[in-house]
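[1] dropping the sequence and predicted coords here.
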Amino acid sequence: MIKSLDGLCIHTDGKGITDPLFKHIIPHDINQEVLNFRAELDKETDADKDVARKTKALVDYAARSQRAINKNLWVPDTQFFTEFACDTLVNVQVKDLSGYMRVLNVLTKNLAESLPANHPILSRLTANQGKPWHASEFKEINMLYQKKLRSRRYIESLQEGQPTAPKRSRRKSARALQISVAAPVENINSLLLKLESEVSELEPLYTTVDLQASDGAGHKGLNKKKHKQIKDLEKEIAPGAVCLLGLLFKARASTLGGGLRENDHQTDILDQGIQADITISEPSTSTTGGIAYTIRFLKDWEYGITKHQGEALPLSYDGSDTFPFETSGDDNGKVTGSIRNRIMAVISFAHKHKLLAWINCKNPTAAAQKIDKWLSKQTWAIHADPECKITSHSFRKAGVSLAMAAGISIPNLTNWCHWRSLEMPWHYADQKYMAPKEWQDIFVWMKRRPAQLLWA
């Protein structure tokens, strides 16, 4: 398929580029079938003019290439996209095809939401984390298209007597070239030890340090040195605790930071967003206690409108889905040294002192950037493999990998993460993930969820 695009010939005889495989004549009259289909799309598509324009171009090409004009066009197809790339290179010459890939993802998402959960084509429509048209094979076609376009423009500049060398692509940093992977247990453990040390240092400062200092003349002012010490520790604990929260709930950074959109009415800004959405209860004789979390943002979900498995935002992890402390005995006492309890203790400390508010973002997509910027400065976050890196998404991947290692079923994980496809856990999990039993025990409680046997 890509060979078809590669076969576009560049001539220097003044005729420009020719396409030996796909020669389409643009008709002046579009048949009624195309007009009807486009009218239907106008009702469903966002008012975004760019989306409408690109959708029209895709439908018009489908008609010229004698394809059936229906929603099957939005099922990912490398043959269709390769031919569209050839046609665009010959007749239009847009800068790149990434805009069309984005629009195709939107149209595919709309199609997926209109189908029943057991439809056989659904897995293809939701592949690549719900962005099937951004899969590697389509990106490769787009890259080849851009390469051919630069060559064409260079040839044309030679013909016009004004040669312009093709622009060199911007050099990427070493970190940008690395692959984001599930955070290894060793790195997470280093983070946990670091945070526990910082918490033990910060906790007494909250209660024993006099932030008012005397200048020796009876005048008191802010003890800047101690104040800076506290703030520096808070700036390290806050993002670390957020990463651990993402590990437990297997949540995106945008989910953790996006609660501010729908929960910002509290007077104190530190009480807004995720701080208000989390409730932590201690174990008692009747309950194990734990972290209850109300999610108000999920990528590609519209608040109060998008529905899946009979649920819509906000989604609550409470009741039997409260993330529990690890307890034992009749009195439900916390298990000493439990990895799960140690992680939850750090999160509880951060929540008590309103440090989790650090991740709140009016624009949820900015949350990942905040975490990644912090991670890039952390020595513990350096991956043993120089080709891999730890990002905000690495903790979600690690959570899924640990849960699968603990024997949590695919339907259970799919239900917990509100995914539409049973393939998604396999997409996130690291198949070679090394998970000692004490780390698997973080998620073993999930076997008690009814979803453990769902669809089994």
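    The structure has been received and is ready for your questions. Predicted, not measured: the structure shown is a model, and the values here were computed from it.

[2] torsion angles phi and psi at Met446?
    phi -70, psi -10 (degrees, to the nearest 10).

[3] same check on Leu315?
    phi -110, psi 130.

[4] OK, contacts around it?
    Residues near Leu315 by CB atoms under 8 Å, 6 or more residues apart in numbering: Thr294, Ile295, Leu298, His418. C-betas here are computed from N, CA, C, even on glycine.

[5] can you check Leu122 too?
    Here Leu122 is in contact with Ala112, Leu115, Arg420, Ser421 (CB under 8 Å, 6+ apart).

[6] go with 10 Å
    By CB atoms under 10 Å, 6 or more residues apart in numbering, the contact set of Leu122 is Leu111, Ala112, Leu115, Pro116, Arg420, Ser421, Leu422, Glu423.

[7] likewise Gly257?
    By CB under 10 Å, 6+ apart, the contact list for Gly257 reads 242, 251, 273-274, 297, 356-371, 392.

[8] can you rerun that using 8 Å?
    Gly273, Ile274, Phe297, Ile359, Asn360, Cys361, Pro364, Ala366, Ala367, Lys370.

[9] name the nearest residue to it, ignoring sequence neighbours.
    Excluding the flanking residues, the one nearest Gly257 by CB to CB, 6 or more residues apart in numbering is Ala367, at 2.9 Å.

[10] check whether that neighbour sits in a helix, strand or coil.
    Recorded secondary structure, Ala367: helix (DSSP: H, G, I helix; E, B strand; the rest coil).

[11] my read is that it contacts Ala253, right?
    Yes - using CB atoms under 8 Å, Ala367 is in contact with Ala253, at 4.1 Å.

[12] select the longest strand from the protein.
    strand 290-295 (DSSP state E).

[13] give me the contact list for that strand.
    So strand 290-295 is in contact with 245, 248-249, 251, 255, 259, 277-281, 313-318, 322-325, 344, 347-348, going by CB under 8 Å, 6+ apart.

[14] burial check on Leu256, number of neighbours?
    31 (other CB atoms under 10 Å).

[15] helix or strand: which one has it?
    helix 253-257 (DSSP states H and E).

[16] shaky segments in this structure?
    Filtered on pLDDT under 70, the chain yields the residue ranges 1-48, 161-175, 209-222, 453-456.

[17] may I ask which of the contacts of Gly257 has the most neighbours?
    Going by other CB under 10 Å, Ile359 tops the contacts of Gly257 with 30 neighbours.

[18] that residue against Pro239, yeah?
    Yes - if you go by CB under 8 Å, Ile359 and Pro239 touch, sitting 7.4 Å apart.

[19] which residues do the two both contact?
    With contacts defined as CB under 8 Å, 6+ apart, the residues shared by Ile359 and Pro239 are Lys370, Ile371.

[20] quick one, what contacts Glu137?
    Contacts of Glu137 by CB under 8 Å, 6+ apart are Thr78.

[21] check which helix or strand it maps to.
    Applying DSSP H and E, one finds Glu137 within helix 136-159.

[22] contacts only, for the residue nearest to Gly257.
    Ala253, Ser254, Leu256, Gly257, Gly258, Ile359, Cys361, Ser392.

[23] how about those residues, which pair is most distant?
    Within the contacts of Ala367, Gly258 and Ser392 form the most distant pair, 12.9 Å apart (CB to CB).

[24] list phi and psi for the residue nearest the centre of the chain.
    The residue lying closest to the centre of the chain (CA atoms, centre = their mean) is Arg252, at 5.4 Å. Phi and psi for Arg252, reported as degrees, to the nearest 10, are phi -70, psi 160.

[25] roughly how far does it sit from Cys417?
    10 Å (CB to CB, to the nearest Å).

[26] also Gly407?
    Gly407 is 17 Å from Cys417, where distance means CB to CB.

[27] the two: who's more crowded?
    Cys417 (19 against 13).

[28] what is the burial count for the closest residue to the more buried one other than its chain neighbours?
    Sequence neighbours aside, Lys250 is the residue nearest to Cys417 in space, at 5.6 Å (criterion: CB to CB, 6+ apart). By other CB under 10 Å, the residues close to Lys250 number 22.

[29] list the residues that contact both of Ala367 and Ala253?
    Counting by CB under 8 Å, 6+ apart, the residues touching both Ala367 and Ala253 are Ile359, Ser392.

[30] and stretch 330-347, how far out from the chain's middle?
    In this view, stretch 330-347 has its centroid 29 Å away from the chain centroid, taken as CA atoms, centre = their mean, to the nearest Å.

[31] with just CA atoms, put it into PDB.
    Output of stretch 330-347 as PDB, limited to C-alpha atoms (Å, rounded to 0.1, in the frame of the first residue of the first chain):
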ATOM      1  CA  ASP A 330     -11.200  -8.600  63.600                       C
ATOM      2  CA  ASP A 331     -10.300  -5.000  64.300                       C
ATOM      3  CA  ASN A 332      -9.300  -4.400  60.600                       C
ATOM      4  CA  GLY A 333      -5.900  -3.100  61.700                       C
ATOM      5  CA  LYS A 334      -3.600  -1.900  58.900                       C
ATOM      6  CA  VAL A 335      -1.000  -4.400  57.800                       C
ATOM      7  CA  THR A 336       2.400  -2.900  58.800                       C
ATOM      8  CA  GLY A 337       4.900  -2.600  55.900                       C
ATOM      9  CA  SER A 338       2.300  -3.200  53.200                       C
ATOM     10  CA  ILE A 339       3.300  -1.600  50.000                       C
ATOM     11  CA  ARG A 340      -0.300  -0.600  49.300                       C
ATOM     12  CA  ASN A 341      -0.700   1.000  52.800                       C
ATOM     13  CA  ARG A 342       2.600   2.900  52.400                       C
ATOM     14  CA  ILE A 343       1.500   4.300  49.000                       C
ATOM     15  CA  MET A 344      -1.900   5.300  50.500                       C
ATOM     16  CA  ALA A 345      -0.200   6.900  53.500                       C
ATOM     17  CA  VAL A 346       1.700   9.300  51.200                       C
ATOM     18  CA  ILE A 347      -1.500  10.100  49.300                       C
END
